[in-house]
Structures are given as structure tokens and as C-alpha cells.
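[1] Predicted model and sequence below, questions to follow.
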Amino acid sequence: MKIAVYSPNWIGDSVLALPFIKALKARYPNAKVYMFCKDWVSDIYRNHPDIDDIISIQKAQLESFIGTIKCGFRLRGIKLDYFFTLTDSFRSALVLRVSGSSKTIGYKSQMRSFLLTDSRSKSKLTIHRAKKYLALLSEYEKLKIKPYLYISPNEEKWGLQEMKKIGMDEPIGLFPFSVSNNRTMPKSTIIKWIQNSQSDYLVFGSRNDIQKGKSLIDSCHKLSIQSICGKYTLRQSIILISLCKYALAADSGLGHISAALGVPTISFFGIGSPKVTAPVGKKVRIVKHCYPCKKDLCENFNEEVVCLKKISKQDIEHAVKKLTMQ
């Protein structure tokens, strides 16, 4: 049996798709599993024991109708039995239809049901995205399967050597940036939390975050802090994150990665909804804060929502200690 899965397009969502892959292999242990994904998330699936092949495509290949059709036709040679889509896009369903797969499964969305042999209705309840994916395999919906990223011995060896070149040992990972500026953590808040610290700090981010990383470094005085924004591939960043002592993360894909690696992670949510997209892991603390900050006009009395300005360095250290003791 041959099964393909159309991956989500965002890094965080791709991490949340890993429990689905685990459940899929549990249901069909003898099946060959193909991951169909955009090239920028393919590193999430490297070395996963339940994935037999990764079919990575560039964004440009799916931008046009003809390009989408071509991508689907290229899959016909595999002769798929099942093809699941974890995205709600019309384009993904079109790829499934053209692929020639015997059965195509996904949620009803964007008037695409006619392209799927099995079109499911979404839950009307607010559920976590990982559970939404698992619900496509009905009997696995209630299982608590956590995402997990796999690092090979050779990758770990490379990471340790690279950390030595950087000049750090078990640094604290900082992921303050996000694709959305609304989810990026304020620079002043980060500085307040790490000032006068004797620890090493490593700032992670994409090429788009290079200047923001430099600005943060320039604002930190007498601290052991470096920015590697844009310096490494996603896979290399995953390896380096696995070697961090703990991580402070904005609502972003990197927070999902550290959580899936088992790195103690404190993830800060402002505009986002933790009930839907919070990182999942054994050592994760979610902090929901107000956004935007209303400063002196704030009238928030919701105990579940905190003020970033009131979170002290001691609060962070206490939360990390509790996570590491789990």
C-alpha cells in the first residue's frame, strides 16, 4: 500500500502534523508513506522513521493552475492508494484529484468537495490543530500523540562541533521574531529578561530577521549573546535548537520545533490562540498576554491573560525550573 500526505505550508503546522503521521503508520504499518510538501518545510520531516519518501516542491510550481496540474500528474507514477490533505486549500485537493490516487481524503473547504472521494466535515468545536489533523483518522482523534523531531547521530555530532565554533555550550535559545510582526516579542521585553545574566544566548531567525537580530544584539550590553538569523538552513537550526538549555519563543514555528525536540520551551502568545496552535511537548509552558498593550489604560482582569510588562526575570527562571523538573 502507498499513502501520500499533503503537508501544511507553515513550519509550526508541519510540526503539528507529525502526530498524524505517527497515527497513520500505526493504522497502516506496512504502507509506504510519502510526504508531499513545500521545500521550506521539508526539513521537518527528515529522518522521521514513519516517512519513507519526501516529495519536496517549490512554491513557484504550484502558483499557476497548469503548474498545479503538472505536480499532480507527476505523482501518478507512484500509483497511490490513499492521499490525505492536511491543508484546507482548493489547490491541494486539485493535486490529490489529478494524482490518480484511488482514495483522496480531506476536509470540506473552499468548495473543493467534488475533488475528494472522502470529504469530511470539520468539527464545530474549537480544537487544537494537531487534533484536527488526527480527526481524519477517526479512531485516533482522542489519542494524545505528541510531535517528535528526529536528530541523527551524525547531525548531533555536527551540532556539537558547530556550537564549539560559535563558542557556546548549552545556550538559551531566543526566538523573538515571527512572520507576523503582531506576534513578534518586543525588544525591550527581551532585554529586561536577560539583563545582567551570566548565561549564553543564541538568537534564531530567518533571513528576514537578520536586521532585527542585529538590532537586538546591539541593544544588549555586557551579555554573551549572538544572532545566527539567516545563517543556517532550517534543518541545521533544528539541530542547534536541540542543544539549547531552554527556549523563549514568540508565537512562531521555532517554538513548535523546540517543543517537539523536548527542549523546555516558554511560548508567548499575544494575538494568536493557544487553544488552536500552541506548541505541543512534554516541557512546554504557554503564556497568553494582551495584544496590543494598552499600557496605563489596561483594564484586563482575566487571570489567564498576563501583562508582558509584569513578567520579571525571576518569573521566567521559576517557570523554566518547573519545566526542567518535569
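    That came through fine.

[2] Counting by contacts, list what the longest helix seen in the chain packs against.
    Of all the segments assigned as helix in the chain under DSSP state H, the longest by residue count is helix 153-166. Under the contact definition 3 or more C-beta pairs under 8 Å, 6 or more residues apart in numbering; DSSP states H and E, helix 153-166 sits against helix 234-241. Every residue, glycine included, has its C-beta placed from N, CA and C.

[3] Need the mean per-residue confidence for the very next helix or strand once past the longest helix of the chain.
    Next along the chain after helix 153-166, taking DSSP states H and E as the criterion, comes strand 172-175. Here strand 172-175 scores 96 as its mean pLDDT.

[4] which strands and helices sit next to strand 172-175?
    Judged by 3+ C-beta pairs under 8 Å, 6+ apart, strand 172-175 is in contact with helix 187-194, strand 200-203, strand 247-249, helix 253-260.

[5] And the ones you listed: which comes nearest K157?
    Each of these was scored for nearness to K157 using C-beta to C-beta, and the closest is strand 200-203 (18.7 Å).

[6] Can you list the residue ranges for helices in this structure?
    According to DSSP H, the helices that the chain contains are 11-16, 18-27, 65-74, 90-98, 129-134, 153-166, 187-194, 210-219, 234-241, 253-260, 274-277, 313-324.

[7] Mean pLDDT added to those, as JSON lines?
    As requested, those are exported to JSON lines (pLDDT from 0 to 100):
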{"stretch": "helix 11-16", "mean pLDDT": "97"}
{"stretch": "helix 18-27", "mean pLDDT": "95"}
{"stretch": "helix 65-74", "mean pLDDT": "94"}
{"stretch": "helix 90-98", "mean pLDDT": "97"}
{"stretch": "helix 129-134", "mean pLDDT": "94"}
{"stretch": "helix 153-166", "mean pLDDT": "97"}
{"stretch": "helix 187-194", "mean pLDDT": "89"}
{"stretch": "helix 210-219", "mean pLDDT": "95"}
{"stretch": "helix 234-241", "mean pLDDT": "98"}
{"stretch": "helix 253-260", "mean pLDDT": "97"}
{"stretch": "helix 274-277", "mean pLDDT": "89"}
{"stretch": "helix 313-324", "mean pLDDT": "84"}
